[in-house]
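Only the shape, not the letters, is given here:
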Ligand SMILES: Cc1cc2nc3c(=O)[nH]c(=O)nc-3n(C[C@H](O)[C@H](O)[C@H](O)COP(=O)(O)O)c2cc1C
C-alpha cells in the first residue's frame, strides 16, 4: 500500500537507460514485470491507467511549476488526479536533453506528457519517446498564447489550423497506444463565434482525439502577456458545456478559474472533468480532499506534517541520486500551510537562502521551530 507517511517505501526515481535508439527509463520493462513497483491495485497509479475510465480531476500543465518535484508533492496529496508535465517542445525533445525533459518519478502515475509542436512527424516521434518513458497520456498544447510559442507556430495559434492539428493527432495516435488528448482555448483573439471552436473540435475528433481539455477563455495572440491571457479574456464555461452537448461521446474537461469544491461540483454535473492549475499550485492542500470527495476513496490519514516529512525524504533521495538541492523541490510546497497560524514563518524558512547549504532535515527542524537557533545565527556563525 502506498502511504505518504512512510518515506522509505518509495522506489528510486526513474533512471534512463540507453537502448540504442531512444533513452527509456529503466523501470519500464523489467521492473514492472518483476512487480518491484507494484502499486495498490485499487488506485490509478499504474502505467496505462488512463486507457479505461478517465479520472475526472487533473492538475494543469504549468511551465516552470509542474515539474517532477511539484508532481511528486501533488501525488502525495492525491493518488487519483491526473498530473500534467510542463509543456515540452518537440524541438527540445528531439534535439535536446531527453533525460532532463522526460525523467519522472514512478509514483507520479497517472502522468501526462504535454507536447508543444505542430509538425506531425516530430509530434509522432516525441509521443513515441513519451510512451517509451512510461507516460500515460500525450497531450498537445493548442492553448499557449506566448509570442515565443507563436513564433514556433504552435500553441494557441494552432486553433486556426484544425487540419494540421488533426494530422498531428493522427500521427501521434498511429505512433503510440496511450491516449492522445488536446488542450485548447475556446477561440483566438476577438473570435467569439461558437462555430470556430465547434469545427476545431469536430475536425480534431475525426483524427481520433477523444478527450479535449478546454481552457474556457479566448487566447488573445496580440497585446496580452501569457499571464494576462490567463485572467483578462472572460471565462465562458457555457461554451464547454455546449461542446459536450454537441459531441456527447467525446470527453470534455473544463479548465480556467476553478478554485473551489462548489465550482468543481457544478462543472462535473455538466462536463466530464475539471483541470485545476494555479489554485492547485498555490494551495496544494486542497488536493488532499480530492480522492475522498471525487473518487470515492476512503479518507487517508495524511496531515500537512506527514506530507512535509515525506517531501524531506524525497529531497534527501533526490540530493543523493541527482544532486538536486532541497530548495528546487521545496519551492513547490510553500503553499502547503496556507491559512494556518505560522504559515508565513514556515514559508520563510523553506525559502530562506541562508539555509541553502544546510541539509533538508535541518531545514525541517528549523521550519518546525525545533532548531530556532540555527535560523537566528548569522551565516558566519553557523557550522
Ligand atoms: C506558471 C504557469 C505556466 C503555465 N504553463 C502552461 C503550459 O506549459 N501548458 C499549458 O497548456 N498551459 C500552461 N498554463 C496554463 C494552465 O495550464 C491553465 O490553463 C491556466 O492556468 C488556467 O487554469 P487555472 O485558472 O486553473 O490556473 C500555465 C499556467 C501558469 C500559471
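Perfect, thanks for sending it. None of the values given here were measured: they were computed from a predicted structure. Residues are numbered from 1 along each chain as shown.

Please count neighbours and contacts with C-alpha atoms only from this point.
Will do.

how long is stretch 50-70 from one end to the other?
Taking CA to CA, to the nearest Å, stretch 50-70 runs 21 Å from one end to the other.

ugh, typo on my part, it should be stretch 253-273
Stretch 253-273 has an end-to-end distance of 4 Å (CA to CA).

can you list the domains in the chain?
Residue ranges for each domain of the chain read 16-295, 304-381, as given by automatic domain parsing.

mean pLDDT for the ones you listed: which is lowest?
Looking at these, the lowest mean pLDDT belongs to domain 16-295 (a mean of 89).

do that domain and the ligand meet?
Yes. Legend: contact between domain 16-295 and the ligand by CA under 6 Å from any ligand atom is shown at 60-63, 65, 86-87, 141, 143-144, 215, 230, 255-258, 276-278.

Now restrict those residues to buried residues only.
Buried positions within these, assessed by neighbour count (16 or more other CA atoms under 10 Å), are 60-62, 65, 86-87, 141, 143-144, 215, 230, 255-258, 276-278.

In strands, which of those fall?
Counting by DSSP state E, the part of these found in strands is 86, 87, 141, 215, 255, 276.

among the domains of the chain, which is the most enclosed?
domain 16-295 (a mean of 20; mean count of other CA atoms under 10 Å).

Ends of stretch 75-92, what's the gap?
Distance between the two ends of stretch 75-92: 26 Å, counting by CA to CA.

what's near enough to touch residue 247?
Contact partners of residue 247, counting by CA atoms under 8 Å, 6 or more residues apart in numbering, are absent.

now it: how far from the ligand?
With the distance defined as CA to the nearest ligand atom, to the nearest Å, residue 247 ends up 22 Å from the ligand.

repeat for residue 305
Applying CA to the nearest ligand atom to residue 305 and the ligand gives a distance of 26 Å.

ditto for residue 158
12 Å.

my guess is that residue contacts residue 142, does it?
Yes. Residue 158 lies in contact with residue 142 (CA atoms under 8 Å); the separation is 5.7 Å.

Turn the ones in strands among the buried ones among the residues of domain 16-295 next to the ligand into JSON lines, including distance to residue 245.
Formatted as JSON lines, those follow (distance: CA to CA, whole Å):
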{"residue": "86", "distance to residue 245": "30"}
{"residue": "87", "distance to residue 245": "29"}
{"residue": "141", "distance to residue 245": "23"}
{"residue": "215", "distance to residue 245": "17"}
{"residue": "255", "distance to residue 245": "17"}
{"residue": "276", "distance to residue 245": "22"}
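
And the closest residue to residue 290 other than its chain neighbours, how close does it get to residue 183?
Distances taken as CA to CA, 6 or more residues apart in numbering place residue 78 nearest to residue 290, at 6.4 Å, with adjacent residues excluded. Applying CA to CA, the value for residue 78 to residue 183 is 22 Å.

For residue 199, pull up the helix or strand it's in.
Assigned by DSSP states H and E, residue 199 belongs to helix 194-206.

Give me the contacts around stretch 81-93.
Here stretch 81-93 makes contact (CA under 8 Å, 6+ apart) with 55-68, 71, 74-75, 98, 101, 108-117, 122-123, 126, 141, 290-291.

What are the neighbouring residues in contact with the closest residue to residue 229 other than its chain neighbours?
Distance criterion CA to CA, 6+ apart; nearest residue to residue 229, sequence neighbours excluded, is residue 219 at 6.1 Å. Going by CA under 8 Å, 6+ apart, residue 219 touches 143, 144, 145, 156, 185, 186, 187, 188, 189, 229, 233.

pretty sure the second one contacts residue 156?
Think residue 144. Yes. Counting by CA under 8 Å, residue 144 does reach residue 156; the two are 4.9 Å apart.

Now do the same for the residue positioned nearest the centre of the chain: helix, strand or coil?
Nearest to the geometric centre of the chain sits residue 84, at 2.4 Å (CA atoms, centre = their mean). Going by DSSP: H, G, I helix; E, B strand; the rest coil, the secondary structure assigned to residue 84 is strand.

Check which element follows the helix of greatest length in the chain along the chain.
What stands out as the longest helix in the chain, according to DSSP state H, is helix 304-322. Next helix or strand after helix 304-322 toward the C-terminus (DSSP H and E): helix 326-330.

Now tell me what touches that following helix from outside.
69, 70, 311, 315, 316, 319, 350, 351, 356, 359, 360.

go on, stretch 64-74?
With contact meaning CA under 8 Å, 6+ apart, stretch 64-74 is reached by 60, 83-86, 103-105, 107-108, 281, 284, 287, 307, 311, 329, 332-333.

what about that stretch, distance to the chain center?
Offset of stretch 64-74 from its chain centre (CA atoms, centre = their mean, to the nearest Å): 7 Å.

Equivalent analysis for stretch 337-355, please.
24 Å.

coming back round to it: out of the contacts of helix 326-330, the closest to the ligand would be?
The ligand lies nearest to residue 70 out of these, by CA to the nearest ligand atom, at 12.2 Å.

Okay, and the closest one sits in which element?
helix 68-77.

residue ranges for the strands of the stretch 51-200 of the chain, please.
Taking DSSP state E, counting those that start in this stretch to define them, one finds strands in the stretch 51-200 of the chain at 57-59, 82-89, 111-116, 137-142, 180-188.

could you dump the ones you listed to JSON lines with distance to residue 372?
Shown next, in JSON lines, are these (distance: least, CA to CA, whole Å):
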{"stretch": "strand 57-59", "distance to residue 372": "35"}
{"stretch": "strand 82-89", "distance to residue 372": "36"}
{"stretch": "strand 111-116", "distance to residue 372": "39"}
{"stretch": "strand 137-142", "distance to residue 372": "45"}
{"stretch": "strand 180-188", "distance to residue 372": "46"}
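
quick one: which of the ones you listed is nearest residue 240?
With CA to CA as the criterion, residue 240 lies closest to strand 180-188 of those, at 7.8 Å.
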